[in-house]
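>>> Fold the following for me, if possible:
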Amino acid sequence: MKNFVLLLFSFICLQSSAQLDETQTGAWYMLFWNTQIKDGPWGFQGDVQYRNWNIIGDLEQLLLRGGLTYTPKNSVVKLTLGYANISTGVFGDSDAKSFESRIYQEALIPHKAASRLFLTHRFRYEQRFVETQDFRTRYRYNLFVNIPLNQKTIEAKTVYLALYNELFVNGQKEVGNDQSVALFDRNRFYSALGYAISKDLKTQVGLMRQSTDNWSKNQLQLSLHANF
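Residues are numbered from 1 along each chain as shown. Prediction:
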């Protein structure tokens, strides 16, 4: 009976994926936050993301993520150990969902390449516990680029260009139930216009192009970035 249920769920997902409308723009609504504990090296960071296959209503993912951060003394590198809970829906009218728990470690390395070119490298390693699949891992590298347009630095009332490109690579090819995946998982390219409401509160509106082996799709992104 259990195998029949798993087979039925896989069939529903495959059917929904086959009908994915790549021309339909989706939308992700996101909150990113981080805080330091007084002036010490420890802090917390996290994000909440409500992702839709369409502008709103057709759930792609609900992602809740948070972690403990550590910045070594006399260093700009920020290290994070965190956990994420993800609910994933399928494209279309189906209400079917799958669930994932994820542990991750990451390193953020910011630096300034020119007078108005602010770069951040993010290396992330994930341990993924996906429903109906064997334990799996994934490697991610993201290059963020922020370019202030009306000021030399990003501070209150700054308008800036925000870009990133992120590459995902699977750690395993076999994922259970005699299924296999490519080592290349996906790539995301993002471009946006940002505005600094204050030094510690920014917002961005942009478009992200997500590409996998099977499909590519545009996603509108609206995000709020807060430092406490």
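
>>> Sketch out the low-pLDDT regions of this structure for me.
Along the chain, the model assigns pLDDT under 70 to residues 1-18, 174-180.

>>> So which residues of it form helices?
Secondary structure of the chain by DSSP state H: the helices cover 2-18.

>>> quick one, strands of it?
26-36, 42-52, 59-70, 78-89, 97-114, 117-130, 136-148, 159-170, 174-176, 179-180, 184-198, 201-211, 216-227 (DSSP state E).

>>> could you dump these to JSON lines with mean neighbour count?
From N, CA and C alone the C-beta is placed, and that goes for glycine too. Converted to JSON lines, these look like this (neighbours: other C-beta atoms under 10 Å):
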{"stretch": "strand 26-36", "mean neighbour count": "17"}
{"stretch": "strand 42-52", "mean neighbour count": "17"}
{"stretch": "strand 59-70", "mean neighbour count": "17"}
{"stretch": "strand 78-89", "mean neighbour count": "17"}
{"stretch": "strand 97-114", "mean neighbour count": "14"}
{"stretch": "strand 117-130", "mean neighbour count": "16"}
{"stretch": "strand 136-148", "mean neighbour count": "17"}
{"stretch": "strand 159-170", "mean neighbour count": "17"}
{"stretch": "strand 174-176", "mean neighbour count": "14"}
{"stretch": "strand 179-180", "mean neighbour count": "11"}
{"stretch": "strand 184-198", "mean neighbour count": "16"}
{"stretch": "strand 201-211", "mean neighbour count": "16"}
{"stretch": "strand 216-227", "mean neighbour count": "17"}
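
>>> want to try TSV for those strands, with distance to Leu20 as columns?
Conversion of those to TSV gives the following (distance: least, C-beta to C-beta, whole Å):
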stretch	distance to Leu20
strand 26-36	10
strand 42-52	13
strand 59-70	10
strand 78-89	12
strand 97-114	16
strand 117-130	19
strand 136-148	21
strand 159-170	18
strand 174-176	20
strand 179-180	18
strand 184-198	14
strand 201-211	12
strand 216-227	7
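
>>> tell me which residues form a beta bridge with Thr35?
On the basis of DSSP bridges, Thr35 is bridged to Phe44.

>>> Oops, could you answer that again for Tyr139 instead?
Applying DSSP bridges to Tyr139 gives these bridge partners: Tyr125, Val169.

>>> Enumerate every residue touching Arg102.
Residues in contact with Arg102 (C-beta atoms under 8 Å, 6 or more residues apart in numbering) are 65, 83-86, 126-129.

>>> Can you name the residues bridging to it?
For Arg102, the beta-bridge partners under DSSP bridges are Ala84, Arg128.

>>> quick one: it and Leu167, what's the gap?
As judged by C-beta to C-beta, to the nearest Å, Arg102 and Leu167 stand 18 Å apart.

>>> Contact partners for Met208?
By C-beta under 8 Å, 6+ apart, the contact set of Met208 is 28, 188-190, 218-219, 221.

>>> change it to 6 Å
Going by C-beta atoms under 6 Å, 6 or more residues apart in numbering, Met208 touches 188, 190, 219, 221.

>>> burial measure for the closest residue to Gln151 other than its chain neighbours, as a count.
Among residues not flanking Gln151 along the chain, Thr158 sits closest, at 4.8 Å (C-beta to C-beta, 6 or more residues apart in numbering). Number of residues near Thr158 (other C-beta atoms under 10 Å) recorded here: 19.

>>> and the gap between Thr158 and Asp200?
With C-beta to C-beta as the criterion, Thr158 and Asp200 are 13 Å apart.
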